[in-house]
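K.L.:
Here is a sequence together with a model predicted from it:
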Amino acid sequence: MPVFDENGRQINLDDDFPMLRDPDASKSHKPRFPFTGIPLTTIISIGAIVILIALVVLLAIKVNSLNQEVVELSKTRQQLTAAQDKLADTNAEKERLKAQLSQAKSDLQTARAEKDEAKADLEKMHTAAQAAAKKKQTPPTPAKKPAAPKKN
């Protein structure tokens, strides 16, 4: 079976010293690109895939944060709706209390009017009672009795 060296040449094993490549001599002073054996299209494809994966990850993160914001906004909207309902209830209560207050004011005015009428009636009755009392206090003037004939 034939034996090959690093360059792909067949080595003659019958020789005392087969020709082998010197590892120190093969190293050049120029740095080698690590992907020299890989075709350029493969490198570009891998780079594009890495960039696309990074974009997908960034978009996934952004979508996740937007979903969280949507959830927070929906909670805020529910709170706003609840506050609006409370406000509507409070306004209805306020209107009801205003109606009760105006009813109480009208009742108070009616009561004051009745009180004033009652005071006026009471004063009339009081003055009438005082007049009647004065008439009772003054003794009635005795009616003149017909003069009795004189006895001489």
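P.N.:
Nice, I can see it.
K.L.:
gap between the top helix by length along the chain and the chain center?
P.N.:
With secondary structure taken from DSSP state H, the chain has its longest helix at helix 40-137. Once both centres are worked out by CA atoms, centre = their mean, to the nearest Å, helix 40-137 turns out to sit 15 Å from its chain's centre.
K.L.:
Now do it, average pLDDT.
P.N.:
Throughout helix 40-137, pLDDT has a mean value of 94.
K.L.:
helices and strands around it, which ones?
P.N.:
Using 3 or more CB pairs under 8 Å, 6 or more residues apart in numbering; DSSP states H and E as the contact test, no helix or strand touches helix 40-137. From N, CA and C alone the C-beta is placed, and that goes for glycine too.
K.L.:
how near is K119 to T81?
P.N.:
Separation of K119 from T81 (CB to CB, to the nearest Å) stands at 56 Å.
K.L.:
what do you get for F4?
P.N.:
F4 sits 82 Å away from T81, going by CB to CB.
K.L.:
got it, and D107?
P.N.:
In this view, D107 and T81 are 39 Å apart by CB to CB.
K.L.:
now swap in I43 and tell me
P.N.:
Here I43 is placed at a distance of 57 Å from T81 (CB to CB).
K.L.:
got it, and I49?
P.N.:
Counting by CB to CB, the gap from I49 to T81 is 47 Å.
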